[in-house]
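**Q** Next come a sequence and a model predicted from it.
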Amino acid sequence: MKKTVLLITIGCLFFGCKKEETTEFPFDSLVLSSSNLAEINSIKFTKSDTVYFQRNYPDPQQNFYAIISNDKKIELNQYLQNLNINKYKPLYYDENLDDGQSYLIQVKAKDTNRLIFIHGSDSPKELYNYIDSLIALKEDLNFITTKQVIDFGNLSSILPIPPPPPPLKEN
């Protein structure tokens, strides 16, 4: 009788325990920057529940943060688990396009830093799907202004080159 009760108890414990559905964020950080004639901004996702946003243009540069809900964080993590960043080329560039939309994806994972620059519409559709989903997630968040300095990585390929200084006047 004791063995039966013990087996039933162990069985109930074994089958009754349900593992909570959490998926680990697959990167240390993921930064998506976008640039066009109207705006330049970046959004940064990390392992925490805080999402950072930086507006570079129109001026002035400003930093923001938002807290992502646990459900949205799990959804984001599961979605990004499928992103095999190493299968993409580092550069997708439309040579016949002067203006237009540009994206820079920066992924940091352990000791690696991977960059993908997209200018124009000559990159895999899957990359655009990831970009669109991250932008849609950003649109659902309520960002709060912060004075905190946030590292968005190297944005030199997405930010405009400042004009040269004016020539010196000679007397």
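**A** Cool, got the structure.
**Q** buried ones in the helix or strand where Asp132 lies?
**A** According to DSSP states H and E, Asp132 maps onto helix 125-139. Buried residues in helix 125-139, counting neighbours by 16 or more other C-beta atoms under 10 Å, are found at 127, 130-131, 134, 137-138. For every residue, glycine as well, the C-beta is placed using N, CA and C.
**Q** What lies in contact with it?
**A** 32, 34, 43, 45, 51, 53, 68, 72, 76, 79-80, 83, 88, 92, 103, 105, 116, 118 (C-beta atoms under 8 Å, 6 or more residues apart in numbering).
**Q** Show me the shaky parts of the chain.
**A** 1-23, 98, 161-165, 171 (pLDDT under 70).
**Q** where do the helices sit along this structure?
**A** For the chain, helices defined by DSSP state H occupy the ranges 2-16, 70-81, 125-139.
**Q** give the contact list for Val107.
**A** Val107 neighbours (C-beta under 8 Å, 6+ apart): 27, 29-31, 85, 113-115.
**Q** In strands, which of these appear?
**A** 29-31, 113-115 (DSSP state E).
**Q** TSV for the contacts of Val107, including distance to Phe143 and neighbour count?
**A** Formatted as TSV, these follow (distance: C-beta to C-beta, whole Å; neighbours: other C-beta atoms under 10 Å):
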residue	distance to Phe143	neighbour count
Phe27	21	21
Ser29	17	19
Leu30	17	23
Val31	16	24
Ile85	26	19
Asn113	26	13
Arg114	26	15
Leu115	25	15
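**Q** wait, Phe143 sits on Phe64?
**A** Yes. The criterion here is C-beta atoms under 8 Å, and Phe143 meets it with Phe64 at 3.7 Å.
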